[in-house]
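[1] Attaching a predicted model along with its sequence, questions to come.
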Amino acid sequence: MERERVETLPADKKRSVKSFVLRSSRLASFQIEALEHYSDQYAIRFSGQKIDYGQLFNNNNPIIIEIGFGMGQATFELAKRFPDKNFIGIEVFLNGFAKLLHQVGSNDIQNLRLIRFDAVEVLESMIPDASIEGFHIFFPDPWPKKKHFKRRLIQEPVAKLLSTKLVKNGYVYCVTDWEPYGLQMLEVFDKIPEFTNPYNGFADPVEWRPTTSFERKGLAKQHPICEVWVQRI
Ligand SMILES: C[S@@+](CC[C@H](N)C(=O)[O-])C[C@H]1O[C@@H](n2cnc3c(N)ncnc32)[C@H](O)[C@@H]1O
């Protein structure tokens with residue numbers, strides 16, 4: 001029933017990059033209440049209309065988009081740490097969406113809004129070109145089996161799409177604990193002429209990125225953490 005409240009894909013649309021498979025979500029009562037009480041104020045419904053950031057946030061601060069925030073703890077911490085930036089978190093997983101919605105609503109966080117929808121569709125339909133200061137893509141699903149490589153989010157069409165949405169000098173910051181995927185990210189971004197990689201390979205970690213819950217699982221398995229940072233020329 002909850003899944004019907006915030007749909008993830010227009011009924012007649014075929015996804016270009018299918019980066020996720022929806023898991024069913026059993027929600028705690030605080031999450032159901034968050035969906036009921038906070039959706040109108042803090043969630044953005046998918047539509048074919050471009051977002052008017054000034055109207056949404058009541059200011060002209062830079063916009064950061066996080067794709068696939070999972071349970072949303074890192075998103076929440078960054079929004080609190082950088083009150084002079086506006087954050088839009090996009091996630092299809094209802095459990096995480098409802099959890100972060102609860103945190104945003106109960107703490108009255110003004111600079112964070114959430115969308116429960118396929119991020120590729122959101123970028124194509126709702127995000128004006130040259131309007132985003134940064135994309136955060138922390139631990140995207142690694143899809144390690146060869147037959148699933150096509151589901152990886154960071155592929156040329158999506159990298160190109162990200163480049164069109166960034167302002168000049170805007171950045172894409174991806175982190176993964178799956179090194180082969182990290183290497184693929186470097187290759188993909190290298191093929192997009194609008195991007196430059198100031199590190200010529202994996203980036204140094206930034207001091208402000210919180211450890212995410214997926215990262216903790218990777219670290220427990222002794223996976224290396226690969227950081228990829230590219231900038232729009
Ligand atoms: C491996 S989890 C990482 C979650 C979190 N960033 C972390 O580090 O703990 C990847 C998340 O991306 C979400 N996701 C994958 N493709 C997506 C898409 N196209 N649009 C929105 N969310 C997506 C999945 O639902 C999943 O929650």
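    Ah, there it is.

[2] wouldn't K160 be in contact with I192 here?
    Yes: here K160 reaches I192: they are 5.8 Å apart, a contact under CB atoms under 8 Å. For glycine as for every other residue, the C-beta is placed from the backbone atoms N, C-alpha and C.

[3] More neighbours: which of those two?
    Shown here are K160 and I192; by other CB atoms under 10 Å, I192 has more neighbours (18 against 15).

[4] which stretch of helix or strand covers that one?
    Assigned by DSSP states H and E, I192 falls within no helix or strand.

[5] where does the most centrally placed residue in the chain land on pLDDT?
    Centroid-nearest residue in the chain, with CA atoms, centre = their mean: I67, separated by 0.9 Å. I67 carries a pLDDT value of 98.

[6] thought it was touching F139?
    No: I67 is beyond contact range of F139, at 10.8 Å (criterion: CB under 8 Å).

[7] quick one: the helices in this structure?
    Along the chain, counting by DSSP state H, helices occupy 2-5, 29-42, 53-57, 73-81, 94-106, 119-126, 156-165, 179-190, 213-220.

[8] from those, which stretch is densest packed?
    helix 94-106 (a mean of 23; mean count of other CB atoms under 10 Å).

[9] Let me see the confidence value for S131.
    The predicted structure scores S131 at 98 on the pLDDT scale.

[10] Ok, V21 next?
    Note on V21: pLDDT of 72.

[11] Contacts only, for it.
    Each residue near V21 by CB atoms under 8 Å, 6 or more residues apart in numbering is listed here: R151.

[12] Now for the nearest residue to the residue nearest to the centre of the chain once chain neighbours are set aside: which residues touch it?
    If the residues on either side of it in the chain are set aside, I67 comes closest to A119, at 4.3 Å by CB to CB, 6 or more residues apart in numbering. Applying CB under 8 Å, 6+ apart to A119 gives the contacts S19, I65, I67, G68, I90, V92, L153.

[13] I'd like the distance between the third one and K145.
    It refers to I67. I67 sits at a distance of 22 Å from K145 (criterion: CB to CB, to the nearest Å).

[14] Over to the second one?
    Note on I65: its distance to K145, by CB to CB, is 28 Å.

[15] Between the two, point out the one with more neighbours.
    Shown here are I65 and K145; by other CB under 10 Å, I65 has more neighbours (25 against 8).

[16] where does the residue of the chain positioned farthest from its centre land on pLDDT?
    Residue farthest from the centre of the chain, counting by CA atoms, centre = their mean, is S29 at 25.4 Å. For S29, the pLDDT comes out at 94.

[17] thinking again about what came up before, what about the ligand: which of the contacts of A119 touch it?
    Restricting the contacts of A119 to those touching the ligand (CB under 6 Å from any ligand atom) yields S19, I67, G68, I90, V92, L153.

[18] so who does T212 touch?
    Contacts of T212 (CB under 8 Å, 6+ apart): G70, Q73, A74, F138, F139.

[19] need the contact list for D129.
    Neighbouring residues of D129 by CB under 8 Å, 6+ apart: T164, K165.

[20] so where's this protein uncertain?
    Low-confidence segments of the chain, defined by pLDDT under 70: 1-16, 22-24.

[21] same thing but at 80, please
    Where the chain drops to pLDDT under 80, the residues are 1-25.

[22] Would you mind listing what in it touches the ligand?
    Residues of the chain that fall close to the ligand, judged by CB under 6 Å from any ligand atom: 19-20, 67-70, 90-93, 96, 118-120, 138-141, 153, 212-215.
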